[in-house]
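Colleague: Provide a 3D model corresponding to the input given below.
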Amino acid sequence: LVLRGTQTVRKVKGYTSHPQELKIDPENVFVLPPNGVQDLHIGVRPQKAGSKFIYLNLVDVDYHQLVASWLVCVSCRQPLISKAFEISLAARGGKGSNKKITYTNPYPSRRLYSLHTNRPDLLHFKEDTFEIGGGEIYTIGLRFAPSQSAGTEEILIYINDQEDKNEETFCVKVIYE
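Modeller: Purely as a prediction, here's the structure:
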């Protein structure tokens with residue numbers, strides 16, 4: 001987004017209605033020069049498929065005034081699942097569980113990857129990023145949180161490249177019994 005400065009220097013900060021899904025750069029307070037132009041970069045990472053409206057407000061932090069506002073319409077579809085897993089875990093008072101899955105770098109050169117999930121409340125990674133040589137196999141450590149009730153959850157694991165673009169998506173069907 002391109003911001004145009006007002007008549008005076010302002011210290012501003014961006015705020016969003018969905019901070020887990022819309023990231024702003026710069027994320028901290030920054031100076032908006034008078035009558036100047038400043039780029040505001042946004043990154044979107046929807047938590048689920050469908051459409052959603054997200055508010056983005058730019059606020060003068062000294063005077064608590066709204067400087068600019070946008071309504072961002074996000075529409076996304078479910079990613080293609082490249083691998084699917086199914087595991088059973090104890091419910092009601094379980095301690096959680098550690099599991100491992102593997103990822104093979106399909107490229108001939110070394111790559112850096114980051115891991116994300118649609119259910120950070122249920123799944124944590126041993127490492128959020130990893131680097132792997134061309135054609136090599138990496139073991140991804142998973143830590144599943146305990147569940148208080150029986151049931152089934154489908155958890156997505158997003159494997160993104162160093163530009164944070166999705167390379168592959170795994171689906172883990174967790175059966176709490």
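Colleague: nearest residue to the residue nearest the centre of the chain other than its sequence neighbours?
Modeller: Nearest to the mean C-alpha position of the chain, counting by Cα atoms, centre = their mean, stands Arg45 at 4.9 Å. Computed as Cβ to Cβ, 6 or more residues apart in numbering, the closest residue to Arg45 that is not its neighbour in sequence is Glu21, at 5.8 Å. C-beta here means a position set from N, CA and C on the backbone, and glycine is covered the same way.
Colleague: if I look at the one you found, how far off is Ala84?
Modeller: For Glu21, the distance to Ala84 equals 25 Å [Cβ to Cβ, to the nearest Å].
Colleague: next: Pro108.
Modeller: 27 Å.
Colleague: for Leu40, which non-adjacent residue is spatially closest?
Modeller: The shortest distance from Leu40 to any non-neighbouring residue, by Cβ to Cβ, 6+ apart, is to Leu1 (4.5 Å).
Colleague: before we move on, back to that, Glu21 and Ala84: which is more packed in?
Modeller: Higher neighbour count among Glu21 and Ala84: Glu21, with 18 against 11, using other Cβ atoms under 10 Å.
Colleague: phi, psi of the more buried one?
Modeller: Main-chain dihedrals, Glu21, degrees, to the nearest 10: phi -110, psi -20.
Colleague: isn't it up against Ile42?
Modeller: No. With contact defined as Cβ atoms under 8 Å, Glu21 does not reach Ile42; the gap is 10.5 Å.
Colleague: what sits against the residue lying farthest from the centre of the chain?
Modeller: The C-alpha centroid of the chain is most remote from Gln7, which lies 36.3 Å away (Cα atoms, centre = their mean). Gln7 is in contact with Pro34, Asn35, counting by Cβ atoms under 8 Å, 6 or more residues apart in numbering.
Colleague: on the pLDDT front, check it for me.
Modeller: If you check Gln7, the pLDDT there is 90.
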